[in-house]
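Q: Task: produce atomic coordinates for the following.
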Amino acid sequence: MSYKINVCLLLFLGFLFSANAQETTSETSKQKVTLSGTIANKLNNETLIGVSIQILEAKIAVATNTYGFYSITLPKGNYTVVISYMGFDNVEEKISLNQNTKKNFVMTENSKSLEGVTIKSNPNKINISKPEMSINKLSITTIRKMPPMMGEVDVLKSILQLPGVTNAQEGATGFNVRGGSVDGNLVLLDEAVVYNTSHLFGFFSVFNSDIIKDLKLYKGGIPANFGGRISSVLDIYQKEGNNKEFHVNGGLGLLSSRLLVEGPIVKEKSSFVVAGRSSYIHLLLKLANEPNSAYFYDMNAKLNYRINDKNNLYASGYFGKDYFDMNGVFVNTYGNRLFNLRWNHIFSDKVFSNASAIYSNYDYGLKLKMVGIDWASDIKNYNLKYDVKHYASDKLTLSYGANSIYYQFNPGTIKPFDENSTLNPDQIAKKCALENALYAGAEQKISDKISLSYGLRYSNFTRMGEQTINTYANNQAVVFNPEQQIYEEATPTGNISYGKNKKIASFGNLEPRFGIAYSLNANQSVKASYNRMSQYVHLISNTASVSPLDIWAPSDQYLKPEVLDQVALGYFQNFKDGDYSLEAETFYKKVKNKADFIDGADLIAHKNIEQVLLNGQARSYGLELMLKKNTGKLNGWISYTLSKAEQRTPGRTPEEPGINDGQWYRANYDKRHNFSINAAYDISSKWSFGGTFTFQSGRAATFPNGKYEYQGITVADYGLRNENSLSAYHHLDLSATYKRKPNKVKGWQGEWVFSIYNIYNRNNAAAFMFSQNPNTGVSEAKRISIFGIVPGVTYNFKF
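A: Below you'll find the predicted structure:
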């Protein structure tokens, strides 16, 4: 197997480099030269990601990479360069190219006339010809125009307005993409993995919008440099800091406030940015004599240093913590800690590289007085990665690299709640694993109408000791009881002890990626993509949304890696020179080794999680539509998704029924219809308004369909899994922003943001509670809701 994999990789890499050699030979004969450099914000020298650079005479367009670098190879001659980026004024410049030239550009943020009309900047044309699809990009400017929740502009809630993206319920942590589970999303902040994306169980996001520079969501057609998850990639980068002058900005809200400070360390050579947020809900509860308490805080920081024109160093970090206390009876804490050290190196005007050393940590604790337990868990990973981008020619761009991640899992350290607790201290066996990957990819323009992207990733995952592993009869940790027709935990027949770093289990997967774009004309194209992804770490949960009780676990001989295959087909069109755009995509996904839990599984502090799970399969398919208005006083989009997400766990033998009688059933996060409207309107230079409307079908649920009595106790009887639904989820949110002095660019600048979440006070169901009325004996269903109407006001400032 290893020999075949190595041969495949060598053949693939050989093909890429032979293509590169052919291009190079052709270029030599035509005496081509290279134009390269960076593009930055004129105001603060922040490099800009995804800027469109068009060469009009050559009809060539490229985009800057994640560090603002671009490279274009052209025959010698005179050219017109047009640079465009959403939220910035276009740059147009005549350039004479007679030799390899380095040219850095700066862009100015959109100016506004007195009537508040934004000068057009249309970077959308490049999307027509590029072979990328199932990708959504949101600028922080767009996100800030959306109505805030509790005074906070929320990055995660903004992506819920995109097609194919839903949440489990109101106030839920995490998000679901194209019928995938929450743990299938690879969420990156400056390349570091974020394991829990929310504060206060989903009320706030861990991402401070003040420090966010760029956001891109990959739902399909995922490039080969990403791996480790099967559902999506949310790639977020932080600002680098103003290296020209010092600035401060922040916001004061009803429930939380934030502050950001940035400035040069050495002017135009190095800079810093530090941002912090904190809620003060606990102080308000104290004033109301409430015994409960809840709060969060977080801090982001980033330093960068330009060594010279070819070398840059970056150091970034994040620290966040949540605390929730219900009168000392239930205490929950959790938080993320991230750090990344990066080195950018430009080998030549065609080769750009990035080396990173990354640390991620997610810890979560739970104290339950009623059972006398103090439980703490965490997951850590240490990641080394190296990526190279090679702009081989104007028609071929190569990317290749490697990364290695070392995991440490602590499923649970158990201590007594207090001195009165009878619980004995215990430690659930810690786990370690190593995940390695190599990848190579290419983006190639075959002709004026056809562009390709293709790549191959090889991933290897090794589960390692030190640990003692149970063995079971027939290697089955779950057994079927034919008399009661239920699955039960198997009794271990023995155990095997593995020494430190000794291999317990190992897996390897080839993950091909492919995309094609066929341009019908300058404004229309058809695209298709395929990608295979593998996931080796799993969130152990039997709920629809992330819970603090959930734990992360590595693949092993019982918990197999999930492997996804996804295909997508799309149609894309720009109208009126990109003022309007239409995206229509259909997709199909199938997953093997989808973990499913037996009925009645108890996951809390379970020492042998393999005893309550079986490996099944999952599938999802659907249609996504998105119509956007990109320019003018009124802009925004309408999106709609029709989809279905299912899973199935058949019996392992003809005698076993499997989960849910082996039939396909709705996944916990299945939402048939998902409709969203997002709009922003600049009525004048002082006033602007924003609004969003969201409608989602109710998520799957299992309700009792009868009851019986056992020893005088009424017991609910349930039907097939997830055959019921919660009621539909919908709400309308509005906001208004007032700037007293909109033309002021220096000194103190302020704005007021007024918002109303759920303006018509919809009581969306988070869950249903079933009980028996003690007076009448009649069974009753009670809908549990989290939010009604929520007004908010925030004062934002900068100087």
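Q: Tell me where the stretch 51-200 of the chain has helices.
A: Secondary structure of the stretch 51-200 of the chain by DSSP state H, counting those that start in this stretch: the helices cover 125-129, 140-144, 155-159.
Q: so where do the helices sit in the stretch 401-550 of the chain?
A: Using DSSP H, counting those that start in this stretch, helices in the stretch 401-550 of the chain do not occur.
Q: where in it is pLDDT low?
A: For the stretch 401-550 of the chain, the stretches with pLDDT under 70 are 542-550.
Q: which residues in it form strands?
A: Secondary structure of the stretch 401-550 of the chain, counting by DSSP state E, counting those that start in this stretch: strands at 426-427, 431-445, 450-464, 467-471, 478-481, 486-489, 494-498, 503-521, 524-535, 537-540.
Q: Could you export the helices of the stretch 51-200 of the chain as CSV, including mean pLDDT?
A: Output for the helices of the stretch 51-200 of the chain, formatted as CSV (pLDDT from 0 to 100):
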stretch, mean pLDDT
helix 125-129, 67
helix 140-144, 84
helix 155-159, 88
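Q: what's the most buried one of the ones you listed?
A: Highest mean neighbour count of the helices of the stretch 51-200 of the chain: helix 155-159, a mean of 22 (counted as mean count of other Cβ atoms under 10 Å). From N, CA and C alone the C-beta is placed, and that goes for glycine too.
Q: Mean neighbour count and distance to residue 42 added to the strands of the stretch 401-550 of the chain, as TSV?
A: Putting these into TSV (neighbours: other Cβ atoms under 10 Å; distance: least, Cβ to Cβ, whole Å) gives the following:
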stretch	mean neighbour count	distance to residue 42
strand 426-427	12	56
strand 431-445	21	29
strand 450-464	21	32
strand 467-471	16	56
strand 478-481	16	62
strand 486-489	17	64
strand 494-498	11	58
strand 503-521	18	33
strand 524-535	22	33
strand 537-540	22	43
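Q: related to what we said a few turns ago, any chance of TSV for the helices of the stretch 51-200 of the chain, columns distance to residue 249?
A: As requested, the helices of the stretch 51-200 of the chain are exported to TSV (distance: least, Cβ to Cβ, whole Å):
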stretch	distance to residue 249
helix 125-129	31
helix 140-144	12
helix 155-159	17
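Q: so which of those gets nearest residue 472?
A: Counting by Cβ to Cβ, residue 472 lies closest to helix 155-159 out of the helices of the stretch 51-200 of the chain; the figure is 40.6 Å.
Q: which outside residues touch the closest one?
A: Helix 155-159 has contacts (Cβ atoms under 8 Å, 6 or more residues apart in numbering) with 136, 138, 142-143, 146, 149, 165, 175, 197-198, 205, 207, 209, 212, 215, 217, 234, 236.
Q: One more pass at 10 Å, please.
A: Identification of contacts with helix 155-159 by Cβ atoms under 10 Å, 6 or more residues apart in numbering yields 136, 138, 140, 142-149, 165, 167, 173-175, 177, 187, 197-198, 202, 204-209, 212, 215, 217, 232, 234, 236, 678, 692, 694, 733, 757.
Q: So for residue 708, which of the helices of the stretch 51-200 of the chain sits nearest?
A: helix 155-159 (43.0 Å).
Q: what about residue 603, how many residues close to it?
A: 17 (other Cβ atoms under 10 Å).
Q: hang on, it packs against residue 595?
A: No: checked against Cβ atoms under 10 Å, the pair residue 603 and residue 595 is beyond contact range at 11.4 Å.
Q: what do these two both touch?
A: 540, 541, 542, 609, 612, 613.
Q: Would you show me how to pick out the buried ones of the contacts of helix 155-159 in ChimeraX?
A: A single ChimeraX command is used to select the members of the contacts of helix 155-159 judged buried by 16 or more other Cβ atoms under 10 Å:
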select :136,138,140,142,143,144,145,146,147,148,149,165,167,173,174,175,177,187,197,198,202,204,205,206,207,208,209,212,215,217,232,234,236,678,692,694,733,757
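Q: I'd like to know which of the shared contacts of residue 603 and residue 595 is nearest to residue 81.
A: Nearest to residue 81 among the shared contacts of residue 603 and residue 595 is residue 541, at 50.9 Å by Cβ to Cβ.
Q: Hmm, residue 717 and residue 708 touching each other?
A: Yes: applying Cβ under 10 Å as the test, residue 708 and residue 717 come out as touching, 6.0 Å apart.
Q: Hmm, residue 709 is touching residue 716, no?
A: No: contact between residue 709 and residue 716 fails when scored by Cβ under 10 Å: they sit 11.2 Å apart.
Q: Between these two, point out the one with more neighbours.
A: residue 716 (14 against 8).
Q: so how far is residue 768 from the more buried one?
A: Taking Cβ to Cβ, to the nearest Å as the measure, residue 716 falls 12 Å from residue 768.
Q: For residue 738, name its beta-bridge partners.
A: Beta bridges link residue 738 to residue 687, residue 752, judged by DSSP bridges.
Q: quick one: contacts for it?
A: 686, 687, 688, 750, 751, 752, 753, 754.
Q: What of residue 792?
A: 147-152, 253-255, 733, 735, 753-757.
Q: quick one: secondary structure of it?
A: Three-state call for residue 792 (DSSP: H, G, I helix; E, B strand; the rest coil): strand.
Q: Next, work out how far apart it and residue 151 are.
A: From residue 792 to residue 151 the distance is 4 Å (Cβ to Cβ).
Q: joint contacts of residue 716 and residue 768?
A: 703, 704.
Q: And the pLDDT at residue 262?
A: Here the pLDDT value assigned to residue 262 is 95.
Q: close enough to count as contact, residue 497 and residue 467?
A: Yes: between residue 497 and residue 467 a contact is recorded at 7.8 Å, counting by Cβ under 10 Å.
Q: List the residues that are in contact with both of residue 792 and residue 151.
A: 253, 254, 255, 753, 754, 755, 757.
Q: Closest to residue 599 out of the residues you listed?
A: Using Cβ to Cβ, the shared contacts of residue 792 and residue 151 come closest to residue 599 at residue 757, 37.2 Å.
Q: and stretch 554-566, which residues are buried?
A: The neighbour-count criterion (16+ other Cβ under 10 Å) identifies 554, 555, 556, 558, 559, 560, 561, 562, 563, 564, 565, 566 as the buried residues of stretch 554-566.
Q: Please apply the same query to stretch 382-393.
A: Of the residues in stretch 382-393, those buried (16+ other Cβ under 10 Å) are 383, 385, 387, 388, 389, 390, 391, 392, 393.
Q: quick one: which of these is nearest to residue 45?
A: Among the buried residues of stretch 382-393, and counting by Cβ to Cβ, the member closest to residue 45 is residue 389, at 21.6 Å.
Q: and the spatially most central residue of the chain, what is it in contact with?
A: With distances taken as Cα atoms, centre = their mean, residue 234 lies nearest the centre of the chain, 2.8 Å away. Applying Cβ under 10 Å, 6+ apart to residue 234 gives the contacts 136, 155-156, 159, 165, 175, 177, 185-189, 194, 197, 207, 215-219.
Q: same check, this time on residue 744
A: With contact set as Cβ under 10 Å, 6+ apart, residue 744 has these partners: residue 750.
Q: hey, where'd the helices end up in the stretch 201-350 of the chain?
A: 281-287.
Q: Now do the strands in it.
A: Under DSSP E, counting those that start in this stretch, the stretch 201-350 of the chain gives strands at 204-205, 212-218, 232-238, 247-252, 256-266, 270-279, 293-308, 311-326, 330-346.
Q: Of all those, which one is nearest residue 131?
A: Using Cβ to Cβ, the nearest of the strands of the stretch 201-350 of the chain to residue 131 is strand 212-218, at 13.6 Å.
Q: quick check: mean pLDDT across the closest one?
A: Strand 212-218 comes out at a mean pLDDT of 92.
Q: Compute the inter-axis angle for it and strand 270-279.
A: Here strand 212-218 runs at an angle of 80 degrees relative to strand 270-279 (axes from the mean of the first three to the mean of the last three Cα atoms, to 10 degrees).
Q: This completes my enquiry, with thanks.
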